[in-house]
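Asks: structure, please.
(2 chains)
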Number of protein chains: 2
Amino acid sequence: MKKIVLIVMDGLGDRPSKVLGNKTPLQVSYRPTMNRMARAGITGLMFPISQGVRSGSDTSHLSILGYDTLKVYSGRGPFEAMGLGMEVRKGDVAFRGNFATRDNEGRISDRRAGRISESTEDLCEAITMNVDGYQFTVKPGVEHRAALVVHGEGLSANLTDSDPHESGLPPEEVRGIADDDEKTARVINKYLSLTREILDNHPFNLERVREGKLPANEFLIRGAGKAPDLEDFNVKYSMKGACVVGIPMITGICKLAGMDPIAAEGVTGRADSDYESKIRAAVNSLDRYDFVLVNVKGTDVAGHDSDPILKRDVIERADRAYRQLLTDDLDVVVAITGDHSTPVSYGDHSGDPLPILIYAEGNRVDGSSLFDEVSCARGSLRINSADLMQYLLNVSDRAEKYGA
Amino acid sequence: MKKIVLIVMDGLGDRPSKVLGNKTPLQVSYRPTMNRMARAGITGLMFPISQGVRSGSDTSHLSILGYDTLKVYSGRGPFEAMGLGMEVRKGDVAFRGNFATRDNEGRISDRRAGRISESTEDLCEAITMNVDGYQFTVKPGVEHRAALVVHGEGLSANLTDSDPHESGLPPEEVRGIADDDEKTARVINKYLSLTREILDNHPFNLERVREGKLPANEFLIRGAGKAPDLEDFNVKYSMKGACVVGIPMITGICKLAGMDPIAAEGVTGRADSDYESKIRAAVNSLDRYDFVLVNVKGTDVAGHDSDPILKRDVIERADRAYRQLLTDDLDVVVAITGDHSTPVSYGDHSGDPLPILIYAEGNRVDGSSLFDEVSCARGSLRINSADLMQYLLNVSDRAEKYGA
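Replies: Take a look at the predicted model:
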């Protein structure tokens, strides 16, 4: 039985970039470690969820870990909240939130209140309150971001957003999608109207206006959901699972699955994260864990920023760190892929398939020689993300026999 | 319309073998017939059940024949029993059995009673009896093996094994998995305690002890199941089906599906089976049948024995026999694949995909030139075992139109 290191390079897949001579950032990168693993293993394409689906990081990570998103996924809110260290109990409803700027006419003039650089800790505390027996708890995220968890009896998560998703429009009323959901919508709308008064008059915002900055006087919420009831990863696969992840939402998903988060120094969840440190933490955890998920976020950040050079640089720095996985005394299965594509030419997630490599001493080799979108399209593997865990259990000699 | 010969080389798929220069037994074998069929047909990979699943021979044969194992499979017992020629009626519960050695402290000292070489016919008869209105019938298999069929009212198959699955432990009580199953468990436990007295004092065992051999004084049972209600193969596919199979369990599955077993001389179910005879029997049956399943068991035996040279030799002998399928007057679809992989380096079933070739005059050719795990990974086919029959119906011009 081997241990397993699964590296998810967030938003890895790309399309040809004009500035890179119609090659992808992965194609033009210097990546001797990944290419060596490709030669000693097999490569191919992985479809997040299924072919052509433009998945989010939450849905695709759930699927990669073998959970059926159609059954367990009901909105990003709870994942964001858990990632911020908030407790999301069974029955709670959670939202993602933005502090935004509402103008005198009640319209949202900036959905991010100028991307706040100060801590919004005080603002979040000010709008943490009890309304009609329902507890509303808000915690700050990065910049203008925050999460809201609502706790109480008989809550529904079938709700529309208050976030109008573009500026120039007023915040929307939260609406229940079915009749039963109206009660939840009413108490949330009551809460939101109470927050407006508090935020308008909060010293944090009075100070911002004085300084000529945009006030954070509207709390826009979106992505209502309940915490999914995930089968325990450690039981489901009979192996102890850990994760080395820099982004709250993915940490939240892993924790919800019963996996232990492993801390690593210099991890930022941005393009400047210390990948040597992450891989070292993953390798060091293998004496206690059978499976470690590592998320490399920088590739996705560069994709969203439409920066092909940054994406290439992130890939090259990560590739150097992966050398730690090739020492002789480490008998592990290494799988490297992405959770979805984030082409720099598109600046957002796309449904393009992902290059994948699976390297495991003693297993089959398929004659692949390079790890990139185009070369992997000629590799032998075609796999949906939902089947990946079963595949890894097999090549690590951990799969249970079905039949006799 | 063509006739179809489907050859399942049991446990065919493999991983690189160090003693074969990191090639698989199939890769190093001299296999001109299969390679010729690959060139004249198409190749690719087949996933038994689905990607990475470590299937048994029972589940994978059911799936290859187009039956949904999730719906029809409830344990190996009934397949083993039917393979031994026992009748398994609707509502009966069947188990696989081992004659084992129980020491003076009531512990199993050898799960196979030293692999018995004499017939256990008398022992089986001695423990065939009626208990509280339930009929217990036992028939001998190869060596220490046997099968038990329980017939009576209101039986459940949701039962644990009495086999402790390792030596040094006492036999376990059979337990019902849900409350409703307790009644069945009770009568089976009563039966097992009665067999202990009979076996301890049976002349067969007294003689063995006198000869210094391990007595076969415990009947361990496992793999409780009911005969699945399989749709008749001949109706399901509108073709008459037969099988040339040397192993009882697979014959049992085929009979349950309504297929006729075809006898062939020299068939042993082991590596020394006469493949020329098997293929001849298959070819000769084509005047009466539309579809013949041939199982070649030797590849699996060699895999379990971790013997790469034996596996190569079995493949080479089988390949020579397949020449009979290439005569000009035979217009058949030939499909060659495995039911699961049994890598010699692993010594047991693995979830690695299987090489497959489909050769059918007048059908598409995909430019494949060799039949082995690595070359087939570059072939065009990617297919789950459950879809194989539909694929074969199409290339034999037998598929019914879906729509207009």
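Asks: from here on, just use CA atoms for contacts and neighbour counts.
Replies: OK.
Asks: A:Y391: helix or strand, and which one exactly?
Replies: helix A:388-395 (DSSP states H and E).
Asks: any idea which helix or strand comes after that helix?
Replies: strand A:401-402.
Asks: give me the residues contacting that next one.
Replies: The contact list for strand A:401-402, computed with CA atoms under 8 Å, 6 or more residues apart in numbering or on different chains, reads B:V53, B:R54, B:S55, B:G56, B:T59, B:H349.
Asks: how many other residues sit next to whatever residue of the stretch 101-250 of chain A ends up closest to chain B?
Replies: Nearest residue of the stretch 101-250 of chain A to chain B: A:Y237, at 12.9 Å (CA to the nearest CA). Counted with other CA atoms under 10 Å in any protein chain shown, the neighbours of A:Y237 add up to 17.
Asks: what do you get for A:P164?
Replies: Count around A:P164 with other CA under 10 Å applied: 18.
Asks: wait, a helix at it?
Replies: No: secondary structure of A:P164 (DSSP: H, G, I helix; E, B strand; the rest coil): coil, not part of a helix.
Asks: residues in contact with A:F95?
Replies: A:76-78, A:80-81, A:147-149, A:221-225.
Asks: now the helix or strand containing it: buried residues?
Replies: Per DSSP H and E: A:F95 is located in strand A:93-102. If you call a residue buried by 16 or more other CA atoms under 10 Å in any protein chain shown, then strand A:93-102 has these buried ones: A:V93, A:A94, A:F95, A:R96, A:G97, A:N98, A:F99, A:A100, A:T101, A:R102.
Asks: and what of stretch A:16-31?
Replies: For stretch A:16-31, the neighbour count (16+ other CA under 10 Å) marks A:P16, A:S17, A:K23, A:T24, A:P25, A:L26, A:Q27, A:V28, A:S29, A:Y30, A:R31 as buried.
Asks: next secondary structure element downstream of the strand holding A:F95?
Replies: Next along from strand A:93-102, by DSSP H and E: strand A:108-110.
Asks: now do that next one: everything it contacts.
Replies: By CA under 8 Å, 6+ apart, strand A:108-110 touches A:A100, A:T101, A:R102, A:D103, A:E166, A:S167, A:G168, A:L169, A:P170, A:P171.
Asks: and the fifth one, what does it touch?
Replies: Put plainly, it is A:E166. A:I108, A:R111.
Asks: ok, now how distant is it from A:L148?
Replies: 21 Å (CA to CA, to the nearest Å).
Asks: what does the second one give?
Replies: Using CA to CA, we find A:T101 at a distance of 18 Å from A:L148.
Asks: what does the last one give?
Replies: Applying CA to CA, the value for A:P171 to A:L148 is 16 Å.
Asks: average model confidence for the helix holding A:Y391?
Replies: Helix A:388-395 shows a mean pLDDT of 98.
Asks: A:P171 and A:L148: which has the busier surroundings?
Replies: Between A:P171 and A:L148, A:L148 has the larger neighbour count (other CA under 10 Å), namely 28 against 23.
Asks: any idea how many residues pack against the closest residue to the more buried one other than its chain neighbours?
Replies: Closest residue to A:L148 apart from its sequence neighbours, by CA to CA, 6 or more residues apart in numbering or on different chains: A:V138 at 4.5 Å. A:V138: 24 surrounding residues under other CA under 10 Å.
Asks: for A:G212, same thing?
Replies: A:G212, neighbours per other CA under 10 Å, totals 9.
Asks: and it, what's its pLDDT?
Replies: Value listed for A:G212 in the pLDDT field: 94.
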